[in-house]
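Colleague: sequence and predicted structure below; questions after.
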Amino acid sequence: MRRMIATLLIVLSAVFGLAACSGPVAPSRDTITVTASTVVIDVRAPAEYGAGHLEGAINIDAQSADFDSLVTALPTDGVYVVYCSTGNRSGSAVSRMTELGFTTLADAGGMDEASASTGLGVVGVP
């Protein structure tokens, strides 16, 4: 009986220990349809944008002091796909744009994720 309990404890420790080490699984992004009317916004700094960006993307730096005024020059009822390097700035930008009245936004995350989900290639890479 002791041996069986010890074996059970070892097995349970291994199972829960491995599960804890595996870490969270990042959610996969769905396919994002980009049409001729979709505006793709790269919210990275201009130097990052210049080092490579998604085909057709415009650059509006989410960390610039004039972010709000630049995005509010766009129609709030347009269709927008927003991305950055890792997904942090794009999430913040989408939240801010929602507060400013934008209604159709997709946070595409980082550039690699955005490229994969939209099918847009990276251009401008030196």
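Modeller: Happy to help now that I have it.

Colleague: please make it C-alpha for all contacts and neighbour counts, starting now.
Modeller: Will do.

Colleague: burial measure for the residue nearest to Thr72 when sequence neighbours are not counted, as a count.
Modeller: Excluding its sequence neighbours, the residue lying closest to Thr72 (CA to CA, 6 or more residues apart in numbering) is Leu100, at 7.4 Å. Residue neighbour count, defined by other CA atoms under 10 Å, stands at 13 for Leu100.

Colleague: show me what counts as buried in stretch 76-90.
Modeller: By neighbour count with 16 or more other CA atoms under 10 Å, stretch 76-90 contains the buried residues Thr76, Val79, Tyr80, Val81, Val82, Tyr83, Cys84, Ser85, Thr86, Gly87, Arg89, Ser90.

Colleague: who's in contact with that stretch?
Modeller: For stretch 76-90, the external contacting residues (CA atoms under 8 Å, 6 or more residues apart in numbering) are 37-44, 62, 93-94, 101-112, 114.

Colleague: what does stretch 62-72 give?
Modeller: The list of residues contacting stretch 62-72 from outside it, by CA under 8 Å, 6+ apart, reads Val43, Arg44, Ala45, Ile60, Asp61, Arg89, Ser90, Ser92, Ala93, Met97, Leu100.

Colleague: ok, the helix or strand Val40 falls within: who's next to it in the sheet?
Modeller: Of the helices and strands defined by DSSP states H and E, Val40 is found in strand 38-42. According to DSSP bridges, strand 38-42 has the following sheet partners: strand 58-59 (parallel), strand 79-84 (parallel).
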